[in-house]
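**Q** below are the sequence and a predicted model for it; my questions follow.
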Amino acid sequence: MGSTLQVQNLTVRYGGFTALDNISLNLEEHTTLGLVGESGSGKSTLARVIAGLIAPDEGKILLGSQELLKKRSREQHKKIQMIFQNPDASLNPKHSIRQILAEALLFHKIVPRQQVEQRCKELLARVHLEAKALDRFPHEFSGGQRQRIAIARALSVEPSLLIADEPTSALDVSVQLSVLELFKTLTTELNLTMLFISHDLGVIHAISDTVAVMRQGKLVEKSAKDQFFTRPEHDYSRELLSAVPKMPNTTTAGGYYEPRT
Amino acid sequence: MMSTHPVLEIEALSLAAKSNEALVHNVSFSLGKGETLGLVGESGSGKSLTLRAILGLLPRGVTQTGGVIKSGARSAMVFQDPRGALDPLCPVVKQLAEVVYYRQQVSRKASRMIALELLERLGLPDSLQRSDRYPSQLSGGQCQRIVIAMALACKPGILLCDEPTTALDVTVQRQIIETITSLQQELGFAMVFVTHNLAIAANLCSRLYVMKAGEIVEHGDTLDLLQHPSDPYTQMLIDSVLPLPELEGGRMNG
Ligand SMILES: Nc1ncnc2c1ncn2[C@@H]1O[C@H](COP(=O)(O)OP(=O)(O)OP(=O)(O)O)[C@@H](O)[C@H]1O
Ligand SMILES: Nc1ncnc2c1ncn2[C@@H]1O[C@H](COP(=O)(O)OP(=O)(O)OP(=O)(O)O)[C@@H](O)[C@H]1O
Ligand SMILES: [Mg+2]
Ligand SMILES: [Mg+2]
């Protein structure tokens, strides 16, 4: 069974407010779709519907040939993982990092019990955290460290579809770079299909094959990455690309400094 | 540049966990009135803890083990995790109006007006005027703007911003930064701005401090530091900034 994701005519309303307005979107197997757009345009809502956390008012979602309903099988829970915009939402504050990681590994029978400890350490190493983190609790970590724990947890169960909602927003650019490398390695190793939401267009450029743009609950553009970044179709996309803050003219990074007026 | 009367002076600040593990070591800087200073660096290097120490609100399990913080003005903080900073059980306009009421000493009615005006300046939906919402009913970037509004409503002399625009799209981000800087000109507060976005830091801050593993590894005039970094870690950070291709037909003016 494939992992092509099809979103068909999805509409979500919160009371009288339409947060997703008839969205249709195809995400091809083993590719990464970067989703960008206005704050409040419905990106996290779309992520939550695909992850099965809210039921749509209209429309449906297919993964391969299977329709994804709100109620999901254990197999579907394993296959579809989500990294939340707010990492604390997925980290139980009363559990140590060991418990958080081991629980997912055991529940989905990823490794035999005697290998759990070893696997937990490997997972932390992949997100640049030391093994001594295992005995600590979420509140003892910095924002970016918690984000990395949430990434490790989502990846631990070897999903085939990963929905990542701003997964690197709290990371310094150097750690961010290595986490993006990790995502890329995994897309090959696990044949991952990925929906990657970010406001950071540099990140979107580094990770995506295709870029989709949302505004006010609607999908306004979907283009191949290179086209989106050089010749976007929609005016709003151009507006976004024009507003990216630029580095001053340094010896290494591109772009030049536009002084504030 | 440094003004003659700093509003904030930190000398050799050190913080440690209850296990005695050093978390922040020997951090010093001073901040002039109306100045904006940037704090950038490694994830987990102690940026948020430094801000919290200035605010006088260290998390449980962390204590100050050395140094002095001399502050000549009231500070307010925009927390890194906006959802965690809001009361989930209180609607947001009500929460903000409450802060205005206590901090600005105005009537209930006026505090609501001031709150709504602030929300409008920060580009939040005007439907909030008619029906207030709980934090869970707002998007990530909307919550972040509420938290910015709450800090501004305190009329601080020092505004501590911890990654205040990570959940905002770049056009809203630009609008919010412009709003904050124009309020800064109006009200004259000084700012410590923590960000992972070096381009924002370059545009906003006169001086930059780079942190790694609890210490300041380098500091200096922003442009100078970004163009001629002397520490290899700073150089590596600059090299890790992700490039973007040129937009054909040029950028639009915002
Ligand atoms: N539970 C809710 N009840 C009512 N409105 C809601 C609720 N959740 C979200 N909304 C509204 O739906 C819209 C879409 O929210 P969503 O969180 O999907 O946006 P987003 O694109 O992820 O934004 P951001 O980039 O700021 O995270 C927003 O305008 C938000 O205010
Ligand atoms: N309550 C706590 N108890 C023990 N250690 C803590 C606590 N809070 C933070 N730390 C540790 O202190 C160090 C500095 O944390 P801080 O939150 O200041 O980092 P930061 O520079 O803000 O990082 P980020 O960019 O990831 O947000 C981290 O290594 C973190 O694990
Ligand atoms: Mg969101
Ligand atoms: Mg922090």
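**A** Received the coordinates, thanks. Ligands and ions are numbered 1, 2, ... in the order given.
**Q** all contacts plus neighbour counts: C-alpha atoms, from now on.
**A** Noted.
**Q** need the three-state assignment for the residue lying closest to B:Thr165 once chain neighbours are set aside.
**A** Leaving out its chain neighbours, the residue that sits closest to B:Thr165 by Cα to Cα, 6 or more residues apart in numbering or on different chains is B:Gln173, at 6.0 Å. Secondary structure, DSSP: H, G, I helix; E, B strand; the rest coil: B:Gln173 is helix.
**Q** do the same with B:Gly38
**A** B:Gly38 - assigned by three-state DSSP - is strand.
**Q** hang on, it packs against B:Phe193?
**A** Yes - contact criterion Cα atoms under 8 Å: B:Gly38 and B:Phe193 qualify, at 4.7 Å.
**Q** need the residues touching each of the two.
**A** Counting by Cα atoms under 8 Å, 6 or more residues apart in numbering or on different chains, the residues touching both B:Gly38 and B:Phe193 are B:Ala201, B:Cys205.
**Q** number of residues surrounding the residue nearest to B:Thr165?
**A** By other Cα atoms under 10 Å in any protein chain shown, 24 other residues sit near B:Gln173.
**Q** A helix includes B:Ser45, no?
**A** No - per three-state DSSP, B:Ser45 lies outside any helix segment and is coil.
**Q** quick one: contacts for A:Ala102?
**A** A:Val116, A:Glu117, A:Cys120.
**Q** what's the helix or strand for it?
**A** helix A:97-107 (DSSP states H and E).
**Q** do that helix and ligand 2 meet at all?
**A** No - counting by Cα under 6 Å from any ligand atom, ligand 2 has no neighbours in helix A:97-107; the shortest distance is 12.3 Å.
**Q** quick one: buried residues of that helix?
**A** The neighbour-count check on helix A:97-107 (16 or more other Cα atoms under 10 Å in any protein chain shown) flags A:Ile97, A:Arg98, A:Gln99, A:Ile100, A:Leu101, A:Ala102, A:Ala104, A:Leu105 as buried.
**Q** do stretch A:188-196 as well
**A** Those would be A:Asn191, A:Leu192, A:Thr193, A:Met194, A:Leu195, A:Phe196, for stretch A:188-196 by 16+ other Cα under 10 Å.
**Q** just the CA trace of it, in CSV.
**A** Taking C-alpha atoms only, stretch A:188-196 is exported to CSV below (Å, rounded to 0.1, in the frame of the first residue of the first chain):
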residue,chain,number,x,y,z
THR,A,188,15.3,8.1,1.9
GLU,A,189,15.8,5.6,4.7
LEU,A,190,12.2,5.3,5.7
ASN,A,191,10.7,6.3,2.4
LEU,A,192,9.0,9.1,4.3
THR,A,193,6.3,11.3,2.8
MET,A,194,6.4,14.6,4.6
LEU,A,195,4.1,17.6,5.0
PHE,A,196,6.4,20.3,6.4
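**Q** so what touches that stretch?
**A** For stretch A:188-196, the surrounding residues in contact (Cα under 8 Å, 6+ apart) are A:3-4, A:27-35, A:158-166, A:186-187, A:204, A:208.
**Q** which residues of the stretch 101-250 of chain A lie near chain B?
**A** A:141-145, A:166, A:169-175, A:177, A:199-203, A:205-206, A:229-231, A:238-250 (Cα under 8 Å from any Cα of the partner chain).
**Q** emit the ChimeraX select command for whichever of these are buried.
**A** Applying 16+ other Cα under 10 Å to these, the buried members can be selected in ChimeraX as follows:
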select /A:142,143,144,145,166,169,170,171,172,173,174,175,177,199,200,201,203,205,206,229,230,231,238,239,240,241,242,243,244,245,246,247,248,250
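**Q** who are the contact partners of B:Ile176?
**A** Neighbour list for B:Ile176: B:Leu122 [criterion: Cα under 8 Å, 6+ apart].
**Q** following the helix holding A:Ala102, which helix or strand comes up?
**A** Assignment by DSSP H and E places the next element after helix A:97-107 at helix A:116-126.
**Q** off-centre distance for the next helix or strand after that next one?
**A** Using DSSP H and E, the next helix or strand after helix A:116-126 towards the C-terminus is helix A:143-156. When distances are taken as Cα atoms, centre = their mean, to the nearest Å, helix A:143-156 is centred 11 Å away from the chain's centroid.
**Q** what's helix A:143-156 packed up against?
**A** Using 3 or more Cα pairs under 8 Å, 6 or more residues apart in numbering or on different chains; DSSP states H and E, the elements in contact with helix A:143-156 are strand A:80-83, helix A:97-107, helix A:116-126.
**Q** what's the local residue count around residue 92?
**A** Since you didn't name a chain, this refers to chain A. For A:Asn92, the count of nearby residues is 14 (other Cα under 10 Å).
**Q** you answered for a different chain; I wanted chain B.
**A** B:Val92: 25 neighbours (other Cα under 10 Å).
**Q** how much space is there between it and ligand 4?
**A** B:Val92 sits 24 Å away from ligand 4, going by Cα to the ion, to the nearest Å.
**Q** so that residue touches B:Ile146, yeah?
**A** Yes - B:Val92 lies in contact with B:Ile146 (Cα under 8 Å); the separation is 7.2 Å.
**Q** which residue ranges form the helices in the chain?
**A** Answering for chain A, as no chain was given. With DSSP state H as the criterion, chain A has helices at A:43-50, A:74-79, A:97-107, A:116-126, A:143-156, A:173-189, A:201-207, A:225-230, A:235-242.
**Q** actually chain B
**A** Under DSSP H, chain B gives helices at B:47-55, B:82-85, B:92-104, B:108-121, B:127-130, B:140-153, B:170-187, B:198-204, B:222-227, B:232-240.
**Q** pipe the helices of chain A into JSON lines and attach mean pLDDT and distance to ligand 4 per row.
**A** Shown next, in JSON lines, are these (pLDDT from 0 to 100; distance: least, Cα to the ion, whole Å):
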{"stretch": "helix A:43-50", "mean pLDDT": "97", "distance to ligand 4": "23"}
{"stretch": "helix A:74-79", "mean pLDDT": "91", "distance to ligand 4": "31"}
{"stretch": "helix A:97-107", "mean pLDDT": "95", "distance to ligand 4": "19"}
{"stretch": "helix A:116-126", "mean pLDDT": "96", "distance to ligand 4": "19"}
{"stretch": "helix A:143-156", "mean pLDDT": "95", "distance to ligand 4": "5"}
{"stretch": "helix A:173-189", "mean pLDDT": "92", "distance to ligand 4": "14"}
{"stretch": "helix A:201-207", "mean pLDDT": "97", "distance to ligand 4": "20"}
{"stretch": "helix A:225-230", "mean pLDDT": "97", "distance to ligand 4": "30"}
{"stretch": "helix A:235-242", "mean pLDDT": "97", "distance to ligand 4": "26"}
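**Q** for residue 211, what are its contacts?
**A** If you meant another chain, say so; for now it's chain A. A:Leu33, A:Gly34, A:Leu35, A:Val36, A:Ile204, A:Glu221, A:Lys222, A:Ser223, A:Ala224, A:Lys225, A:Phe228.
**Q** to clarify, I was referring to chain B.
**A** B:Met211 touches B:Leu39, B:Val40, B:Gly41, B:Glu42, B:Ser45, B:Gly46, B:Lys47, B:Val217, B:Glu218, counting by Cα under 8 Å, 6+ apart.
**Q** what's the closest of the residues you listed to A:Leu68?
**A** B:Glu42 (39.8 Å; Cα to Cα).
**Q** roughly how far apart are the closest one and ligand 4?
**A** Applying Cα to the ion, the value for B:Glu42 to ligand 4 is 9 Å.
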